[in-house]
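S.K.: pasting a predicted model and its sequence here:
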Amino acid sequence: MRSIEIGLAVIFLFLYKVDATLPKCAEFDQSGMIARELEKDSKALPFQDKLEQLFNAFEKNDTASVESIYKSLETIRVDDDDDVREKYTENLIKSVPDRIKSHGYPAEVHQLVTEDGYKLDLYRIPYGVKSPKTNRSRPAIILVHGFGECSNGWIVLGPENSLAYLLADNDYDVWIFGARGTEQSRGHVSLNSKQREYWDFSWHEIAIYDLTACIDYILSETKMKRLNYVGFSQGTTVLLVLASLRPEYNDKIIEANLLGPVAYLKGNRNSLFNAIAHYYKPLKRIFQILRIFKITIDNKFLVKITEIACKRTAHSTPFACKLVLSIFGSTQINCTSLPAIFINTPAGVSVRQGIHYIQLIRDGGFRQFDYEDKKINQKIYGSITPPDYNLTRITVPINIFHSKDDTTASFENVIQLKSVLPNLKSTYLVPVADFIHVDFTYSRYVRKILNGRLIETINSANRK
């Protein structure tokens, strides 16, 4: 597995072009992770030393050295030098509930089982530091993460910026969703996550089973009839699937707030996704031959890369850190936040989740999973092609938040989505250039650019 993890990291570094201009980095990261300078006379650990060489080789475009260093990295155990973490960052806590508590907020862990046997963890912040601690009921709200992410995305920027904390301080009962396959929700009543059968799901099943189970559980626990909804990326996809296929859930949601909504994808401007769609058949064949049915990465490895690459980022961004930042393509992520992001992200997805999105890019429409076998499609759907999700059945009021520079939820695709939603209440176009998909959760400016307006929208819905 070590070679797969290193290989994926190196592929990411090669896939993304690095801009020659090195942007300045904020001196203070709101998440509380402040990069420390290594002591000049400290003895370099093997892992650190090799990564330094790797970044230097990338900078010089020295392919031969990259290959040599890559091979030597495979022989190094990350677990051998765990104490190195303390040399770079402070308070880097992997457990999301523990990190919430470290910021002075209450955190609860609720465990539930879906209809098809998947065990999920649901995190709760029942009240905020700035809201009165009383036994009275507060409006409940569920936050649903994007593809490859987990609950960490809603708290990673700390109390001053992250949406979960801001909502708790605005007197909401905050519930943070974790989909099947993510590290926090990788259990099952009979399957092991190492088995192929465990990963036989797409975001369709996350919508139909995970989301329904969590909504019903929250309403039961809070004794509420309805809750508020915020979803980002895949979190918007699953809401659209659920509301179209299970219309009774429209009545269980006050309003749905969709950040960077992903439904229609054909013609989108994400070059990586389009390249994968173009080479879909050979890539799918490779995955089948290698029996790859999930994408899970040792986050500790990624944390070490970012800690070492960005060690000088208290004042500026060196080439190595820019190389790591280029994976996101964002100019708005605080580089000192990277270890806190990577400690939980990527969080684990099934290959089938990705294939389902690629099918939308390739074939157009917003439809159910294509088994690419006419007999199987006929057996499951009653037709040789998968049916479209009927978005005209959605009755819950929807608020859309999007950006012109988002290449994943492309402006044109969002316009197409807006044209078919029967109960679109409002649209907010982020008024800042270069605000891309990941910036909806990771931008260091997200409170001023997005979260303030989003909370106003939610407050308005709950005043009725």
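M.R.: Perfect, I can see it now. Computed from a predicted model, the values in this text were never measured in an experiment.

S.K.: so how far is Arg99 from the residue nearest the centre of the chain?
M.R.: Nearest to the mean C-alpha position of the chain, counting by Cα atoms, centre = their mean, stands Glu149 at 2.5 Å. Glu149 is 15 Å from Arg99, where distance means Cβ to Cβ, to the nearest Å. Heads up, the C-betas are built off the backbone N, CA and C, glycines and all.

S.K.: before we move on, what about Lys300?
M.R.: With distances taken as Cβ to Cβ, Lys300 is found 16 Å from Arg99.

S.K.: neighbour count for these two, which is higher?
M.R.: Taking neighbours as other Cβ atoms under 10 Å, Lys300 and Arg99 compare with Arg99 leading, 23 against 15.

S.K.: just the buried positions in stretch 327-345, please.
M.R.: Buried residues in stretch 327-345, counted by 16 or more other Cβ atoms under 10 Å: 327-330, 332-345.

S.K.: same deal with stretch 276-294?
M.R.: Ile276, Ala277, Leu283, Phe293, Lys294.

S.K.: take the residues you listed and keep only those in helices.
M.R.: Ile276, Ala277, Leu283 (DSSP state H).

S.K.: list just the nearest of those residues to Asp251.
M.R.: Taking Cβ to Cβ as the measure, Asp251 lies nearest Ala277 of these, at 36.6 Å.

S.K.: residue contacts, that closest one?
M.R.: Ile358, Ile361, Arg362 (Cβ atoms under 8 Å, 6 or more residues apart in numbering).

S.K.: at 10 Å what do you get?
M.R.: Leu265, Lys266, Asn268, Asn270, Leu283, Tyr357, Ile358, Gln359, Leu360, Ile361, Arg362, Asp363 (Cβ atoms under 10 Å, 6 or more residues apart in numbering).

S.K.: ok, and the closest non-adjacent residue to it?
M.R.: Ile361 (4.3 Å; Cβ to Cβ, 6 or more residues apart in numbering).

S.K.: of the buried residues of stretch 276-294, closest to Ile93?
M.R.: Among the buried residues of stretch 276-294, and counting by Cβ to Cβ, the member closest to Ile93 is Lys294, at 25.3 Å.

S.K.: the closest one and Leu454, how far apart?
M.R.: 32 Å.

S.K.: could you pull out the helices for the stretch 351-464 of the chain?
M.R.: 351-363, 374-381, 411-420, 439-442, 446, 452-462 (DSSP state H, counting those that start in this stretch).

S.K.: can you pull the buried residues of stretch 96-105?
M.R.: For stretch 96-105, by 16+ other Cβ under 10 Å, it's Val96, Pro97, Arg99, Ile100, His103, Tyr105.

S.K.: quick check: mean pLDDT of stretch 194-201?
M.R.: Mean pLDDT, stretch 194-201: 96.

S.K.: and the spatially closest residue to Ser426 that is not a sequence neighbour, what is it in contact with?
M.R.: Leaving aside its sequence neighbours, Ser426 sits nearest to Asn399 (Cβ to Cβ, 6+ apart; 4.7 Å). With contact set as Cβ under 10 Å, 6+ apart, Asn399 has these partners: 229-230, 255-259, 424-428, 453-454, 457-458, 460-461.

S.K.: hmm, back to that, nearest to Val109, of the helices of the stretch 351-464 of the chain?
M.R.: That would be helix 439-442 among the helices of the stretch 351-464 of the chain, by Cβ to Cβ, at 21.3 Å.

S.K.: extract the C-alpha trace of that closest one and format it as CSV.
M.R.: Presented in CSV, the C-alpha positions along helix 439-442 are these (Å, rounded to 0.1, in the frame of the first residue of the first chain):
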residue,chain,number,x,y,z
ASP,A,439,-12.7,27.4,-1.6
PHE,A,440,-16.3,26.8,-0.5
THR,A,441,-14.9,25.0,2.5
TYR,A,442,-11.1,25.9,2.6
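
S.K.: for it, list every residue counted as buried.
M.R.: Asp439, Phe440, Thr441, Tyr442.

S.K.: considering these, which is situated nearest to His145?
M.R.: Thr441 (8.1 Å).

S.K.: from Ile215, how far off is the residue nearest to the closest one when sequence neighbours are not counted?
M.R.: Closest residue in space to Thr441, ignoring its immediate chain neighbours: Gly153 at 4.3 Å, by Cβ to Cβ, 6+ apart. Using Cβ to Cβ, Gly153 is found at 19 Å from Ile215.

S.K.: who has more neighbours out of these two?
M.R.: Gly153 (28 against 22).

S.K.: so that one versus Leu283, what's the distance?
M.R.: 27 Å.

S.K.: go on, Ser244?
M.R.: Between Ser244 and Leu283 the computed distance is 29 Å (Cβ to Cβ).

S.K.: could you do Gly178 as well?
M.R.: For Gly178 relative to Leu283 (Cβ to Cβ), the value is 28 Å.

S.K.: where does pLDDT dip in the stretch 251-400 of the chain?
M.R.: 311-320, 322-323 (pLDDT under 70).

S.K.: can you pull out the strands in it?
M.R.: Ranges of strands within the stretch 251-400 of the chain are 253-259, 294-295, 349-350, 398-402, based on DSSP state E, counting those that start in this stretch.

S.K.: make CSV out of these and add distance to Gln416.
M.R.: Formatted as CSV, the strands of the stretch 251-400 of the chain follow (distance: least, Cβ to Cβ, whole Å):
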stretch, distance to Gln416
strand 253-259, 14
strand 294-295, 28
strand 349-350, 25
strand 398-402, 12
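
S.K.: and these: which comes nearest Asp169?
M.R.: Closest among the strands of the stretch 251-400 of the chain, using Cβ to Cβ: strand 253-259, at 17.6 Å.

S.K.: which positions within that closest one qualify as buried?
M.R.: Ile253, Ile254, Glu255, Ala256, Asn257, Leu258, Leu259.

S.K.: ok, so of these, who is nearest Asp406?
M.R.: Using Cβ to Cβ, the buried residues of strand 253-259 come closest to Asp406 at Leu259, 9.9 Å.
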